[in-house]
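Colleague: Turn this into a structure:
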Amino acid sequence: MNRRRLRGGVFAQRWHYCFLWQASCFSGDCAFVVVMRTIDSTITIKNRRLTRRLWVVVLGMFGFGYALVPLYDVFCEWTGAGAGRASTLVQAGISEAPIDRERWVTVELIGDMVGLPWQLELHRYKLQVRPGQATTVAYRVRNTSQTLLTGTAVPSVVPPRAARYFIKTACFCFEQQALAANETRDMPLTFVVDPKLPEEVKTITLSYSFYPATAVSS
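Modeller: Below you'll find the predicted structure:
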C-alpha cells in the first residue's frame with residue numbers, strides 16, 4: 001500500500017489485491033481523515049494553564065516587592081539588625097527620662113571583621129549601666145594592611161526585643177571609616193538604655209560587624 005497526503009489532515013492510501021484463482025488484479029484509493037482536534041484541544045488547555053501560572057508568579061513577585069520594606073522593618077525589630085535606625089525613632093522620647101538608680105543593666109560589647117584586615121580592641125567588654133544614664137565607650141580599630149582601606153560598621157543588638165530600648169545618641173555606625181595603612185583609631189559610642197526596658201532583660205549585647213564600604217553600599 002502507498003500513502004499520500006491530499007490536503008489538511010486527509011490522506012489517501014493506495015491499495016490493490018489479486019484473486020489467486022483469477023488472472024486479474026484490482027486497485028483503488030481509500031481516503032481517510034486523521035483527526036487532530038483532540039490533540040489541539042489538549043495543547044490549548046495546557047497553554048491556558050501555563051499562562052495562568054505565569055500570571056500568578058508575576059502577581060506574587062509584585063506583591064512581595066511591595067511588602068519588602070515593611071517586612072524588613074519587622075525583621076530588623078525582631079533580630080536587632082539595623083538597631084541604629086530603630087533607636088532614632090525613640091531617641092527623642094527618652095531624652096528627658098530620669099535615671100533609674102534602683103536598677104543595673106549589663107551591657108556586653110563585641111565585634112568582628114568581615115573581609116577587612118583590621119584588628120579590634122575594646123577597653124571594656126562588659127559594663128554595668130543605669131537605665132536612663134548616658135554612657136560613652138570606644139571601639140579601637142587598627143588597619144593592619146599597607147594600604148588605605150574604608151569600612152563601615154553595622155550594629156545589632158541581642159536579645160532582639162531589647163533593640164528598641166538601646167539608644168545610640170552618638171555612633172560611628174553606618175558611616176564610612178577610612179583608615180590609612182597601619183593607622184589606629186578610637187571610634188566613640190554614646191548610648192542610653194531606655195528605663196522602659198522590660199525588667200526580665202538583665203543583659204544586652206551590642207555587636208558591630210565591620211564590612212568593606214563597597215560591600216555595604218552595594
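Colleague: Tell me the helix or strand right after the least confident helix or strand in the chain by mean pLDDT.
Modeller: Least confident element among the helices and strands of the chain, by mean pLDDT, DSSP states H and E: helix 83-91 (a mean of 39). With elements assigned by DSSP states H and E, the helix or strand that comes after helix 83-91 is strand 105-113.
Colleague: what is the rounded mean pLDDT of stretch 185-194?
Modeller: For stretch 185-194, mean pLDDT is 93.
Colleague: Please apply the same query to stretch 110-119.
Modeller: For stretch 110-119, the mean per-residue pLDDT is 92.
Colleague: Stretch 46-53 now?
Modeller: Per-residue pLDDT over stretch 46-53 has a mean of 78.
Colleague: now could you export just the CA positions of that stretch as PDB?
Modeller: What follows is stretch 46-53, C-alpha atoms only, in PDB (Å, rounded to 0.1, in the frame of the first residue of the first chain):
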ATOM      1  CA  LYS A  46      -2.000  23.200  28.700                       C
ATOM      2  CA  ASN A  47      -1.200  26.600  27.300                       C
ATOM      3  CA  ARG A  48      -4.000  28.200  29.300                       C
ATOM      4  CA  ARG A  49      -2.800  26.500  32.500                       C
ATOM      5  CA  LEU A  50       0.700  27.700  31.900                       C
ATOM      6  CA  THR A  51      -0.500  31.300  31.300                       C
ATOM      7  CA  ARG A  52      -2.500  31.300  34.500                       C
ATOM      8  CA  ARG A  53       0.500  30.000  36.400                       C
END
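Colleague: Mark out where each domain of this structure begins and ends.
Modeller: 2-33, 83-217 (automatic domain parsing).
Colleague: for those domains, which one ends up most surrounded?
Modeller: domain 83-217 (a mean of 16; mean count of other C-beta atoms under 10 Å). C-beta: built from backbone N, CA, C; applies to glycine.
Colleague: mind listing the strands for the protein?
Modeller: For the chain, the strands defined by DSSP state E occupy 2-7, 10-18, 25-33, 105-113, 118-122, 126-129, 135-143, 149-158, 166-170, 176-179, 184-193, 203-212.
Colleague: And these: which comes nearest residue 56?
Modeller: Nearest of these to residue 56, taken as C-beta to C-beta: strand 149-158 at 36.0 Å.
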